[in-house]
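> Can you look at this prediction? I've put the sequence above it.
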Amino acid sequence: MKTSITIVVMLLLFVNKTSFGQVLPDDKLYEMGYNELQKRNWPAASAYLFAFIQRNPIDFIKDKGYEQQVKNAYDASIKNIENDKQSMVAEIARQNTYIEDLKRRLKIATSSSSGIIVLPPIPPLKQPRKQSAQRIKTRATGMEKPLPGEWRATLTSSTGSAFSGILLIVTNEEVVSGTLTLSDQSDNKITGMFDGQNLVLMRNTGLRTIQTYMLKKIGPDHYSGTYKNEGDSADNGRIEMVR
């Protein structure tokens with residue numbers, strides 16, 4: 001049973017429709033969701049499938065049956081996360097009861113098995129398309145400074161306005177999370193992906209605006225790129241990240 005039932009789903013909720021370079025194109029995002037589904041890794045499957053649903057609606061417009069299939073697979077993954085959680089809680093309670101009973105009965109043998117575990121079925125989902133373009137996989141070497149940590153971020157709007165704040169980054173393999181604290185009191189939670197060179201981040205400002213950042217590694221202490229606001233506060237400009 002998976003013990004990592006932390007809600008990984010939230011890590012990729014708002015991936016932007018436009019990718020930067022070769023960072024998780026739509027076909028790869030779908031393929032990863034499909035593969036995790038086959039392994040019954042429900043948290044990861046739900047994360048990738050939700051991201052695919054949010055960022056690539058074009059296929060769904062063309063094929064409503066396909067749309068329903070992907071959404072059904074996502075819904076089943078979410079349900080199985082909760083089922084796994086409930087099963088884990090029940091198993092802990094059962095083990096505690098068994099231990100207490102064992103203490104009372106001293107060394108009388110008893111079975112710790114409560115029956116055969118039936119795994120939930122894998123929702124039907126068509127296999128991902130073959131990728132026609134070669135993906136670029138760039139990994140940071142051991143000599144490079146790691147991405148996680150505190151950064152200073154400066155956003156310069158196309159209108160000339162500038163904003164600065166503190167960016168705290170945490171990584172789990174390619175998945176990125178953390179906070180970007182600016183002076184406007186907006187929601188500071190960020191999520192995204194990192195392939196060693198290209199960094200894509202997203203922030204739901206809580207002000208009916210989604211802010212997406214697409215940066216490229218310039219040096220161990222410098223990332224540079226663009227940002228875009230979609231929603232009530234539409235905007236775009238440059239972003240620099242240094243430490």
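Received the coordinates, thanks.
> CA atoms for contacts and neighbours, from now on please.
OK.
> remind me which residues of this protein are low pLDDT?
Judged by pLDDT under 70, the chain has its weakly predicted residues at 1-24, 56-59, 105-117, 130-144.
> And the helices in it?
Using DSSP state H, the helices of the chain run over residues 26-38, 42-55, 58-62, 64-105.
> And the ones you listed: which comes nearest L155?
Nearest of the helices of the chain to L155, taken as Cα to Cα: helix 42-55 at 23.8 Å.
> before we move on, the earlier item: save the helices of the chain as TSV, and put in mean neighbour count too.
Shown next, in TSV, are the helices of the chain (neighbours: other Cα atoms under 10 Å):
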stretch	mean neighbour count
helix 26-38	20
helix 42-55	24
helix 58-62	11
helix 64-105	15
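> which residues touch I239?
Taking Cα atoms under 8 Å, 6 or more residues apart in numbering as the criterion, I239 is in contact with A153, T154, L155, T156, Y213, L215, S224, G225, T226, Y227.
> From T156, how far out is the residue nearest to P128 when sequence neighbours are not counted?
The spatial neighbour of P128 that comes closest, neighbours along the chain excluded (Cα to Cα, 6 or more residues apart in numbering), is E31 at 5.2 Å. Distance, E31 to T156, by Cα to Cα, to the nearest Å: 36 Å.
> from memory F52 sits against M32, does it?
No - counting by Cα atoms under 8 Å, F52 stays clear of M32, with 10.0 Å between them.
> rewinding a little: could you dump the helices of the chain into CSV and include distance to K145?
Shown next, in CSV, are these (distance: least, Cα to Cα, whole Å):
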stretch, distance to K145
helix 26-38, 27
helix 42-55, 27
helix 58-62, 39
helix 64-105, 35
